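Peer 1: Need the 3D shape of this:
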Amino acid sequence: MKEITKWIRYVPLELIFWIGSLLAILTINPDGGHHFSLCPLDSLGFSWCPGCGLGRSMNLLARGEIQASWSMHPLAMLAFGVILHRIWTLIKNLKTTHNYG
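Peer 2: Down below sits the predicted model:
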């Protein structure tokens with residue numbers, strides 16, 4: 001048990017968050033109807049949001065459906081790249097430092 005708590009303290013919370021978000025994106029059904037949303041604009045009743053469809057588009061991109069991903073949200077490739085770069089940077093910082101970088 002002590003080793004598990006030591007490992008959890010060693011891994012940055014941000015790294016756990018980003019890996020968890022990628023795993024959640026990979027489990028999305030992009031062809032599904034209504035979905036759970038944390039979007040504050042959707043909660044306020046607005047029908048348009050600049051981020052709507054980004055997660056589903058990233059799921060399509062991970063499946064290799066580039067054209068469908070681009071048509072759903074053109075910034076999915078950029079968002080996917082930024083998240084992967086951040087995960088890579090955090091993992092690289094784990095090797096060189098014993099704190100959050």
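
Peer 1: ok, now which ones touch residue 87?
Peer 2: 15, 18-19, 22 (Cβ atoms under 8 Å, 6 or more residues apart in numbering). (C-beta placed from N, C-alpha, C; glycine too.)

Peer 1: for residue 75, what are its contacts?
Peer 2: Residue 75 touches residue 54, counting by Cβ under 8 Å, 6+ apart.

Peer 1: which residue ranges form the helices in the chain?
Peer 2: 2-10, 13-26, 40-43, 54-62, 66-72, 76-96 (DSSP state H).

Peer 1: would you list the contacts of residue 87 in TSV and tack on distance to residue 74, neighbour count and pLDDT?
Peer 2: Below are those laid out as TSV (distance: Cβ to Cβ, whole Å; neighbours: other Cβ atoms under 10 Å; pLDDT from 0 to 100):
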residue	distance to residue 74	neighbour count	pLDDT
15	28	18	89
18	22	17	93
19	25	15	93
22	20	16	92
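
Peer 1: that older thread, ok, which of the helices of the chain comes nearest residue 32?
Peer 2: With Cβ to Cβ, the closest approach to residue 32 among the helices of the chain belongs to helix 54-62: 8.5 Å.

Peer 1: helices or strands up against that closest one?
Peer 2: On a contact count with 3 or more Cβ pairs under 8 Å, 6 or more residues apart in numbering; DSSP states H and E, helix 54-62 meets helix 13-26, helix 66-72, helix 76-96.

Peer 1: Turn the ones you listed into a markdown table, including distance to residue 56.
Peer 2: Converted to a markdown table, the helices and strands packed on helix 54-62 look like this (distance: least, Cβ to Cβ, whole Å):
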| stretch | distance to residue 56 |
| --- | --- |
| helix 13-26 | 9 |
| helix 66-72 | 6 |
| helix 76-96 | 9 |
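
Peer 1: now the angle from the lowest-mean-pLDDT helix or strand in the chain to helix 13-26?
Peer 2: Counting by mean pLDDT, DSSP states H and E, the weakest-scoring helix or strand in the chain turns out to be helix 2-10, with a mean of 73. Going by axes from the mean of the first three to the mean of the last three Cα atoms, to 10 degrees, helix 2-10 is angled at 90 degrees with respect to helix 13-26.

Peer 1: how far does helix 2-10 sit from the chain's center?
Peer 2: 24 Å (Cα atoms, centre = their mean, to the nearest Å).
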